[in-house]
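Asker: Okay, here's the prediction I keep looking at, along with the sequence it came from:
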Amino acid sequence: LDRPWFSPGGENIYASFILRPSLPPSTASRMVLLTAVAAAEALMETTGLLATLKWPNDILVDGKKIAGILLEMSVEMDAIDYMIVGLGINVNSPVERFPRDSRKKITSVLMETGKTSSRVHLLVRFLELFEERYDALAISGFEPVIARWKTLTDIVGKQATIRTLNGSCQGVITDMDHDGFLIIRDNDGSETRLFSGDITII
């Protein structure tokens, strides 16, 4: 969506890791949900902050973005060859480090707590939680991840405009299905399933 990157060195977490899950490509977006859950839980455990999730790939604190996720993958036929999960968490950046036009929408652990935090400690805890949930997929599937994601979000039931690469739609967010698609109901009562997009809560 033509957005700039902002990533000052030495202050925050920017991590990418490679996975080779035994999943069909159609379910790949679920890995974003798993990553978001692990990142939110790690933030809450290590900093005491209350984190919420914004579909499809943002972690918020007090309504401001503190972390985001990107997913890339290589697909061969009907199987995932490999997947790269990228995670960025704002940890020790003060408010003056952010562009002026973004300061009302972005936050960091430092801005929320008033003190610097160990990036290593936070990253290690995230990786531990991610590994636990990733390994559990073979036993319990994605349902526990979806259920946990829903407990960490506050967007269900809200009126929103969702912008996608193909246009935009508006309505009430009613749910997220088992594949990670967002379900939105318009004024006529018809429902749309969305794979990705940018949400603006009205």
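Answerer: Perfect, I can see it now.
Asker: most residues in a single strand of the chain, which one?
Answerer: Determined from DSSP state E, the single longest strand within the chain is strand 64-76.
Asker: which residues touch that strand?
Answerer: With contact meaning Cβ atoms under 8 Å, 6 or more residues apart in numbering, strand 64-76 is reached by 25, 28-29, 31-32, 35-36, 39, 43, 49, 51, 54, 57-60, 80-90, 104-109, 112. Just so you know, the C-beta spots here come from the backbone N, C-alpha and C atoms, and that holds for glycine as well.
Asker: what does stretch 22-33 give?
Answerer: So stretch 22-33 is contacted by 19, 21, 56-57, 69, 71, 73, 75, 78-80, 83, 85, 142, 145-146, 149, 179-181, 195-196 (Cβ under 8 Å, 6+ apart).
Asker: The same query, at a cut-off of 6 Å, please.
Answerer: Here stretch 22-33 makes contact (Cβ atoms under 6 Å, 6 or more residues apart in numbering) with Pro56, Asn57, Ile69, Leu71, Met73, Val75, Ile80, Phe142, Val145, Trp149, Gly180.
Asker: Can I get the buried ones among these as something I can paste into PyMOL?
Answerer: Selecting just the buried residues from the contacts of stretch 22-33 in PyMOL takes one command, with 16 or more other Cβ atoms under 10 Å as the test:
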select buried, resi 56+57+69+71+73+80+142+145+149+180
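Asker: Hmm, which of the contacts of stretch 22-33 is lowest in pLDDT?
Answerer: Of all the contacts of stretch 22-33, Gly180 has the smallest pLDDT value, namely 84.
Asker: who are the neighbours in contact with that one?
Answerer: Gly180 makes contact with Ser29, Arg30, Leu33, according to Cβ under 6 Å, 6+ apart.
Asker: Which one (most neighbours) among these?
Answerer: Leu33 (25 neighbours; other Cβ atoms under 10 Å).
Asker: Nearest residue to the middle of the protein?
Answerer: Centroid-nearest residue in the chain, with Cα atoms, centre = their mean: Asn57, separated by 2.7 Å.
Asker: Can you give me the distance of it to Gly68?
Answerer: 6 Å (Cβ to Cβ, to the nearest Å).
Asker: cool, and Gly189?
Answerer: Applying Cβ to Cβ to Gly189 and Gly68 gives a distance of 33 Å.
Asker: In terms of neighbours, single out the busier of these two.
Answerer: Neighbour totals were compared for Gly189 and Gly68, and Gly68 leads with 17 against 7 (other Cβ under 10 Å).
Asker: for the more buried one, which residues make a bridge with it?
Answerer: The partner list for Gly68 in beta bridges (DSSP bridges) reads Asp58, Gly88.
Asker: okay, it: pLDDT?
Answerer: Listed pLDDT for Gly68 reads 95.
Asker: Please apply the same query to Ala136.
Answerer: In this prediction Ala136 is given a pLDDT of 95.
Asker: Where does it sit, in terms of helix or strand?
Answerer: Assessed by DSSP states H and E, Ala136 sits inside helix 119-140.
Asker: by contact count, what packs against that helix?
Answerer: helix 30-47 (3 or more Cβ pairs under 6 Å, 6 or more residues apart in numbering; DSSP states H and E).
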